[in-house]
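> I would like to see how this sequence folds:
(one chain, ligands or ions: 1)
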Amino acid sequence: MHIVTLDSNTDFDGWRKAARALATNDVKPAEVTWRVRGATADLFDDQAETTLPEVPEGTFSVPASFVELAQSAILHRDPNRFGLLYRLLWRLRANHDLMTIATDPDVAQVNAIARAARRDEHKMHAFVRFREIGRERETRYVAWFEPEHHIVELAAPFFARRFADMPWSILTPDLCAHWDGSRVSFTPGVSKAEAPSEDRLEEVWRRYYASIFNPARLKVKAMEKEMPKRYWHNLPEASLIKPLIETAAQRASAMIAEPGTEAHKAYKAHKAQKRVEETVMARKPKAQTKAHETKAHASKPHETDAAALETLREEAASCRACPLWKNATQTVFGEGPAHAPIMLVGEQPGDKEDLAGQPFVGPAGQMLDRALDEAGIDRTKVYVTNAVKHFKFVPRGKIRLHQKPTTPEIKACRQWYERELAAIRPALVVALGATAAQSVFGKITPVNKSRGHVVDLPDGVKAMVTVHPSYLLRLPDADAKAREYQRFVEDLQIAAHAMKRSVRAA
Ligand code: URA
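Predicted coordinates for the structure are as follows:
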């Protein structure tokens with residue numbers, strides 16, 4: 001039996017060095033016991049450590065995908081992870097393509113634990129809440145967090161980038177991370193009793209959370225999935241969740257009962273209907289179009305689609321296809337029913353969406369909600385997503401200024417849009433603004449020239465472009481704003497019409 005002691009729970013280099021030496025010396029996986037220095041005493045405490053001759057780097061080649069996966073998997077709390085990784089490495093010698101066999105039990109397990117560790121990193125990004133400690137020149141921001149896995153070292157650089165100009169400490173039972181404005185350092189873990197209880201920032205979080213909570217879009221299960229209960233006890237806003245849920249139905253009814261814009265609506269409906277006839281109907285000459293529409297929604301296994309979307313959401317949480325993930329809090333994936341007849345595509349999450357982890361919950365989202373409502377579209381029945389799923393910004397003091405995504409960033413993110421589209425198969429995709437249009441149509445598409453026209457894309461998808469709601473928010477002139485808002489609602493009415501037809505066809 002060989003005993004290998006690693007320096008810490010996250011000692012990937014130590015594991016790699018030992019694994020390379022063991023495999024080169026033909027030591028079988030079953031003959032190795034892995035342990036971590038200082039971890040609880042075990043059976044092998046008295047036994048001698050294995051010392052194998054060092055094997056230089058490069059003697060042994062494994063696919064880069066394995067190394068990347070192993071670096072995440074090693075952060076999982078599963079005590080058997082070192083052995084599992086060594087077993088995979090051992091087997092890779094005989095089958096270099098092993099990592100591509102997703103059904104292999106070892107490959108599946110290592111993928112699952114790597115995914116869980118990365119998900120935990122994202123939860124840490126989203127759920128650390130700093131408390132302000134001390135006064136004026138002494139001020140420090142301290143947070144208590146209980147990670148599920150050993151992800152503190154991995155997650156800390158994110159907080160250094162995000163909160164570069166404030167000294168902070170994140171205390172956890174495993175390890176504490178500290179930022180002094182120039183470097184991150186680590187000290188051993190502490191108990192919760194040592195965490196600060198002063199709470200000057202809590203009220204700010206509570207107000208923020210209450211402001212983004214939309215009672216009309218409450219989905220308790222989805223919310224608990226995004227913000228698992230295990231994090232609630234450390235979140236200042238948690239005390240609001242229960243009362244907000246309890247009063248949601250009542251508040252949503254009140255919102256619906258609010259005086260509407262009825263007189264206005266009749267005129268708009270008439271005008272939009274005319275445009276609908278000129279666009280949708282005129283573009284539907286072939287019987288074959290009808291067959292396609294029916295196919296899209298007829299015998300769809302919704303449960304499977306919902307599960308496929310869930311898997312996608314989980315995968316996207318650790319997307320690193322472009323550098324935007326580095327500064328963003330989390331991936332903001334699409335939201336809505338898996339069988340939605342309409343898919344709305346925005347540009348990218350904004351500041352509020354980045355923090356909430358949901359698309360269109362900030363000011364542009366409120367504008368969108370209002371316009372959808374006037375167009376007769378129930379937002380809870382459509383799927384809402386973005387072309388780019390991470391918030392791109394530049395910090396300006398305390399503000400994070402939105403930056404337009406570049407073409408490479410749009411292209412890198414398109415895989416998620418394509419996969420959402422394949423899972424949902426909506427009757428119509430509505431691109432909101434130029435970035436969304438570029439992703440949906442696969443090329444730069446001028447919004448003003450194309451807006452309001454429903455066109456057929458390859459694969460039978462129908463798509464339409466209109467303006468982005470934040471374009472309306474930016475218009476300085478009230479008349480132009482009202483006029484443009486009106487046109488936006490009319491574009492959405494075209495979508496509403498397409499939605500009704502698709503429901504009828506199904
Ligand atoms: N703008 C977008 O394009 N998407 C959002 O989710 C929010 C603002």
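
> any idea which helix or strand comes after the worst-scoring helix or strand of the chain on mean pLDDT?
Using mean pLDDT, DSSP states H and E, helix 287-297 stands out as the lowest-scoring helix or strand of the chain, at a mean of 34. Toward the C-terminus, helix 287-297 is succeeded by helix 302-316 as the next helix or strand (DSSP states H and E).

> in that following helix, what counts as buried?
Counting neighbours by 16 or more other Cβ atoms under 10 Å, one finds that the buried residues in helix 302-316 are 305, 308-309, 312-316. Heads up, the C-betas are built off the backbone N, CA and C, glycines and all.

> for the next helix or strand after it, name the packing helices and strands.
The helix or strand immediately downstream of helix 302-316 is strand 342-346, counting by DSSP H and E. Counting contacts by 3 or more Cβ pairs under 8 Å, 6 or more residues apart in numbering; DSSP states H and E, strand 342-346 is packed against strand 383-386, helix 407-424, strand 428-432, helix 434-441, helix 478-505.

> got a list of contacts for strand 342-346?
By Cβ atoms under 8 Å, 6 or more residues apart in numbering, the surrounding residues in contact with strand 342-346 are 334, 336, 359-360, 364, 368, 377, 381-387, 417, 420-421, 424, 426-433, 436, 439-440, 468, 495, 498-499.

> what does the stretch 401-506 of the chain put close to the ligand?
residue 470 (Cβ under 6 Å from any ligand atom).

> low-scoring stretches of the stretch 401-506 of the chain, by residue?
Residue ranges of the stretch 401-506 of the chain with pLDDT under 70: 502-506.

> which SSE is immediately downstream of the helix or strand harbouring residue 354?
Assessed by DSSP H and E, residue 354 sits inside helix 351-356. Per DSSP H and E, the first helix or strand lying C-terminal to helix 351-356 is helix 363-375.

> now that following helix: average pLDDT?
Averaged over helix 363-375, pLDDT sits at 95.

> show me which residues of that helix are buried.
Buried residues in helix 363-375 (16+ other Cβ under 10 Å): 364-369, 371-375.

> turn those into a markdown table, including distance to residue 464.
As requested, the buried residues of helix 363-375 are exported to a markdown table (distance: Cβ to Cβ, whole Å):
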| residue | distance to residue 464 |
| --- | --- |
| 364 | 19 |
| 365 | 20 |
| 366 | 22 |
| 367 | 18 |
| 368 | 15 |
| 369 | 19 |
| 371 | 14 |
| 372 | 14 |
| 373 | 19 |
| 374 | 17 |
| 375 | 13 |
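
> remind me which residues of this structure are low pLDDT?
40-48, 56, 58, 134-138, 197-218, 223, 226, 236-238, 249-304, 502-506.

> and whichever residue of the chain sits closest to the ligand, how many neighbours?
Closest residue of the chain to the ligand, Cβ to the nearest ligand atom: residue 346 (2.8 Å). Residues near residue 346, counting by other Cβ atoms under 10 Å, number 28.

> could you check how far it is from residue 433?
7 Å (Cβ to Cβ, to the nearest Å).
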